[in-house]
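Asker: what follows is a predicted structure for the sequence shown.
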Amino acid sequence: MRSLKFAALIAASWLVMPTQAQQLSGESSLLPEANYSNSEVTVEQVLGYPLGTKITSPADMSRYFEALQQAYPKQVKLLEYGKSWERRTLYYAVISSEDNMADFDGFMKGMQALADPRKTDSDKAEQLIDELPGSIWLSYGVHGNEISSPEAAMVTAYHLLHDQREQTQRWLDNTMVFIDPLQNPDGRARFVDRYYMSVGLEHSGDRRSAEHNEPWPNGRTNHYLFDMNRDWIALTQPEISGQIDALLKYYPLVFVDLHEMGGDSTYYFTPEARPYNPLITESQRETLNWIGKNNGQWFDEKGFDYFTREIFDAFYPGYGASWPLYQGSVAMTYEMASARGHLFDRTDGDVLTYADGVQQHFIASISTIQTVSERREALLQKFWEYRKSAVEAGEDGDVRSIILPAKDDPAAARKLASLLVEQGAEVKQAEKAFDVCGTDYEAGAYIIDMAQPAHRMIRTLMDKQVDMADDFLAEQEQRRNNNLPDQIYDVTGWSLPLMFNVDSHTCDDLPDVATAFVEEGRIEPGKVINPDAKVTFLVRWGDMNAGRFLTAALREGLEVRQSELAFTHESAGEFPSGSLILTRADNSDDLQTKLQKLAEASGATVEGVDTSWMTEGPNFGSHNVSKLEAPNIAIAWDEPVSPYSAGHTRFVIERQMGYPVTAIRTMQLLQNDLDGLDVLILPEGAYSGVFNDKSVEKIQRWVSDGGVLLTLGSASAWAVETGLLNTQLERKVPEEGVTEPDEEIKVDGKVIESREQLLTEIKPHGADPDWVPGALLNAKVDTKHWLSAGVKPQVVSIYNGNDVFTPIDIDHGRNIAWFAGADSLLASGFLWDDIAQQLPYKPLLMWQPSGKGMIISFTQEPTYRAYMDGLNTLLMNALFLAPAKAQ
Ligand SMILES: [Zn+2]
């Protein structure tokens, strides 16, 4: 009894907690002119506190939407689209008039018909445009610590269902409103738990307070620490791939992704900053203007500050606010200044409240619904025209088809083909061999007919180069000359065939061959050839099918050997270096059954042979064949590690390779010995602030005793600084005329003859290379080393930042992969001239033996956004082959 009373007291104190500048509480205060009905399902009634006075947890948000559905079953549909990694349900609400909802299936079919002009004629389209409601998809809270938008999702839903005014009823008649209230429930749960743990008697607006400083990892990311607002091209995370499945059912005409930015800012909405992706059409930009202008009117009326055009661009297609643009809808980002808690002291002296954010996101949401309602017919018409123009662009363009031969890496080609299908494209697979555009292809090649409504989506994902406008780039050069940061917001290269290192050919013709449609499924089940073989089973190394097979076999406790050299088997043919060998003699009697299961799940082709006799290369008993053990792989976790890099890396190893990783907090790495670890991964991070000389010595000792230290990106730079890795970091190549500044106050006079010379004279001496915002670069591989077993002679790497390493000397180690020569360096994206001159032949991957162990250093992050699949075999070699090479 007593404890209950105490609990009630605490609960009450939450409710009455003074929130100083808080002027808003409850739904009615957000829009005084609204006329809310009596039967109200308010946040207070359902959850026990007035809207805007508490940051609602994901579980309570679900409860609230369920209550709305229960109260308005004829107007609200709640639909699931998946589960987050932490098993929270992902869902969206559809809200409209009773009439519209009664024919929800008809709406969906209508949009599907309008989306495909190959199957729908103009008369039918005209009828659909006349009859269909407009549609809008509002996505909230993809960044879990951007807290106000999910609350605005609740009040937007509330408003639509309760406001009795004719205006709102008209919106419901004209519009299907899709609300995804919480794209990232795991991140929000992390934020909310941590936030309320740090609160005291009064909320603090002080940005130094515990309330305003999240511990590692903050709530922005999902469980695997991904920024999901970059994942819309590679669809690595369930939160995004599930959302895309849903979007492709309805093709909502307008999509908004609602975010928060720094608390000193105001509110941002469309139109976007430059550069625009050239695939975005004029018609779409016109719609973005309509929406921005209407928002501006509302914000002016309410007295809210806002800005447009200055920061958030529409170039990289992997944002939520980009993806729908390539399907014919329009999409945009809204950004609200974040209170990052209940209160935030702005530098201008104002106090920003949580409720401010909720209110402004709410107003922007309903303002956009209004635009869709008022422009219903025009938006449907534009969507139809877009889909038609997409098919025509494919028919008339230089590229009529894209073909993936699927020969040298069928696993990656399969994944790419599936990904395109998941993205709404049609992909076919040839049932027979064929030739087109002068090339012969085998059965199984993938064919993409570019004359399809998803034409621009396909180009966005598959084009090897997308250029930014010349005048934009000229402006950036000018900014550089003035020592100002560039305005490039994200990576400039993202071509999937390059990132997957998969051959992809373009052709101005369509092959004439029998085909079947490709269904979703990133892994094609593998098989065992000659399962009754008496001696040995072999798996060709070099793709992710083999990689997954290896990890599964090791976890299953099978004895696996790996050949360091390529070999040719008497009956089974050629096998590349790194190929796997599982002998009957090494393994138990049920080997065959186990192999069958593993082949199917991993996608690998396992080939049974009846002799160990080779026509070329080592036999299975050779000293070039080593036994692989299941390594204990650890990754540094927590400050000062980059959460993205740690998360991406753990994800790639665990969820793409299928192998568990032990995450160890850096404090534990400092305080404990490293015994029992086979591989220690240091992801990107600012290690020098945390690891001291003693920790470096400890790591060095552990490596000498047989450990494999794997450093990624900036961790490799740290390894150089501490002397662990025997090479150097480079400054910028000195430019002619850029001189070391004189120490003297008075110096000899000098004639400056031109503006160019002046710009050179004032350049800093000994500066670091220029910062690159993410381009794809070609790299060459030394295929004779075991670390590159099974890897193609050329790979593609991301290049981010400005670290340039000198090649490691031959007496210290080997340069396993290095950036290609100047004429073939850039695979996709944009590089400044001077760093493009400096990077060729500089290392991408170095190997340095040390005592019984070794250091393996990637100078860039191979696991970046978990979409650099083409580097996975190199990474697998470092993780699984290297421990066998250590002594
Ligand atoms: Zn955000």
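Answerer: Thanks, I have the structure now.

Asker: who's in contact with the helix or strand hosting Thr873?
Answerer: In the assignment (DSSP states H and E), Thr873 maps to helix 872-876. Contacts to helix 872-876, defined as C-beta atoms under 8 Å, 6 or more residues apart in numbering, come from residues 541-544, 547, 550, 578, 652-653, 656-657, 781, 787-791, 795, 816-817, 845, 858, 862-863. Backbone N, C-alpha and C define where each C-beta goes, glycine included.

Asker: CA atoms only for it, dumped as PDB, please.
Answerer: What follows is helix 872-876 as a C-alpha-only set of coordinates in PDB (Å, rounded to 0.1, in the frame of the first residue of the first chain):
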ATOM      1  CA  ASN A 872      33.900  -8.400 -48.200                       C
ATOM      2  CA  THR A 873      36.300 -11.200 -49.300                       C
ATOM      3  CA  LEU A 874      39.300  -9.100 -48.300                       C
ATOM      4  CA  LEU A 875      37.700  -8.600 -45.000                       C
ATOM      5  CA  MET A 876      36.800 -12.300 -44.600                       C
END
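
Asker: what separates that helix from the chain centre, distance-wise?
Answerer: 19 Å (C-alpha atoms, centre = their mean, to the nearest Å).

Asker: now do stretch 627-637
Answerer: Worked out by C-alpha atoms, centre = their mean, stretch 627-637 lies 25 Å from the chain centre.

Asker: use 14 as the first number from now on
Answerer: Okay, using 14 as the starting number, the last item reads as stretch 640-650.

Asker: buried residues in it?
Answerer: For stretch 640-650, a neighbour-count test (16 or more other C-beta atoms under 10 Å) marks 641, 643-644, 646-650 as buried.

Asker: again with stretch 351-370
Answerer: So, applying 16+ other C-beta under 10 Å, buried residues of stretch 351-370: 351-359, 364-370.

Asker: ok, those residues vs the ion, which is closest?
Answerer: Taking C-beta to the ion as the measure, the ion sits nearest to Ser351 out of these, at 9.0 Å.

Asker: okay, the closest one and Ile376: tell me how far apart.
Answerer: 17 Å (C-beta to C-beta, to the nearest Å).

Asker: closest to Pro820 out of the buried residues of stretch 640-650?
Answerer: Ala649 (26.2 Å; C-beta to C-beta).

Asker: which SS class is the closest one?
Answerer: strand (DSSP: H, G, I helix; E, B strand; the rest coil).

Asker: now do Tyr171
Answerer: On the basis of three-state DSSP, Tyr171 is classed as helix.

Asker: past the helix holding Thr886, which element shows up next along the chain?
Answerer: Per DSSP H and E, the helix or strand that comes after helix 885-889 is helix 895-898.

Asker: domain ranges for the protein?
Answerer: Listed by automatic domain parsing, the domain ranges of the chain are 45-403, 410-530, 540-641, 646-745+779-898.

Asker: got any ranges where the stretch 264-413 of the chain has weak pLDDT?
Answerer: For the stretch 264-413 of the chain, not a single residue meets the criterion pLDDT under 70.

Asker: which strand or helix spans whichever residue of the stretch 614-763 of the chain sits closest to the ion?
Answerer: The ion sits closest to Tyr657 of the stretch 614-763 of the chain, with a gap of 14.0 Å, by C-beta to the ion. For Tyr657, the host element (DSSP H and E) is helix 656-664.

Asker: do Gly457 as well
Answerer: Assigned by DSSP H and E, Gly457 falls outside every helix and strand.

Asker: wouldn't it be in contact with Ala419 here?
Answerer: Yes. Counting by C-beta atoms under 8 Å, Ala419 is a contact partner of Gly457 at 5.4 Å.

Asker: more neighbours: which of these two?
Answerer: Ala419 (24 against 18; other C-beta atoms under 10 Å).

Asker: now the more buried one, what are its backbone angles?
Answerer: Main-chain dihedrals, Ala419, degrees, to the nearest 10: phi 60, psi 40.

Asker: same deal with Gly147?
Answerer: Dihedral angles (degrees, to the nearest 10) for Gly147: phi -70, psi 170.

Asker: beta partners of it?
Answerer: On the basis of DSSP bridges, Gly147 is bridged to Thr188.

Asker: give the contact list for it.
Answerer: Counted by C-beta under 8 Å, 6+ apart, Gly147 has contacts 187-189, 266-267, 385-386, 388-389, 392-393.

Asker: what about the longest strand along the chain, distance to the chain center?
Answerer: Taking DSSP state E as the assignment, the strand of the chain that covers the most residues is strand 785-794. Computed by C-alpha atoms, centre = their mean, the chain-centroid distance of strand 785-794 equals 18 Å.

Asker: how about stretch 467-483?
Answerer: Distance, centroid of stretch 467-483 to centroid of chain: 17 Å (C-alpha atoms, centre = their mean).

Asker: please apply the same query to stretch 136-148.
Answerer: Distance, centroid of stretch 136-148 to centroid of chain: 35 Å (C-alpha atoms, centre = their mean).

Asker: with just CA atoms, put that stretch into PDB.
Answerer: Extracted in PDB, the C-alpha atoms of stretch 136-148 (Å, rounded to 0.1, in the frame of the first residue of the first chain):
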ATOM      1  CA  ASP A 136      -8.800   6.700 -70.600                       C
ATOM      2  CA  LYS A 137      -8.400   4.500 -67.600                       C
ATOM      3  CA  ALA A 138      -5.800   6.800 -66.200                       C
ATOM      4  CA  GLU A 139      -8.000   9.800 -66.700                       C
ATOM      5  CA  GLN A 140     -10.800   8.100 -64.800                       C
ATOM      6  CA  LEU A 141      -8.400   7.100 -62.000                       C
ATOM      7  CA  ILE A 142      -7.100  10.700 -61.700                       C
ATOM      8  CA  ASP A 143     -10.600  11.900 -61.500                       C
ATOM      9  CA  GLU A 144     -11.600   9.400 -58.800                       C
ATOM     10  CA  LEU A 145      -8.700   8.500 -56.600                       C
ATOM     11  CA  PRO A 146      -7.900  10.400 -53.400                       C
ATOM     12  CA  GLY A 147      -4.600  12.100 -53.200                       C
ATOM     13  CA  SER A 148      -2.100  10.500 -50.800                       C
END
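
Asker: tell me which residues in that stretch are buried?
Answerer: Here stretch 136-148 shows 138, 141-142, 145-148 as buried, counting by 16+ other C-beta under 10 Å.

Asker: now those residues as a markdown table including pLDDT?
Answerer: Formatted as a markdown table, the buried residues of stretch 136-148 follow (pLDDT from 0 to 100):
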| residue | pLDDT |
| --- | --- |
| Ala138 | 98 |
| Leu141 | 98 |
| Ile142 | 98 |
| Leu145 | 98 |
| Pro146 | 98 |
| Gly147 | 98 |
| Ser148 | 98 |
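
Asker: tell me which of those residues is nearest to the ion?
Answerer: Ser148 (23.6 Å).

Asker: who touches that closest one in this structure?
Answerer: 120, 124, 188-191, 263-267, 385.

Asker: count of neighbours near the closest residue in space to Ile848 that isn't next to it in sequence?
Answerer: Leaving aside its chain neighbours, Ile848 sits nearest to Pro782 (4.9 Å; criterion: C-beta to C-beta, 6 or more residues apart in numbering). Applying other C-beta under 10 Å, we find 19 residues neighbouring Pro782.
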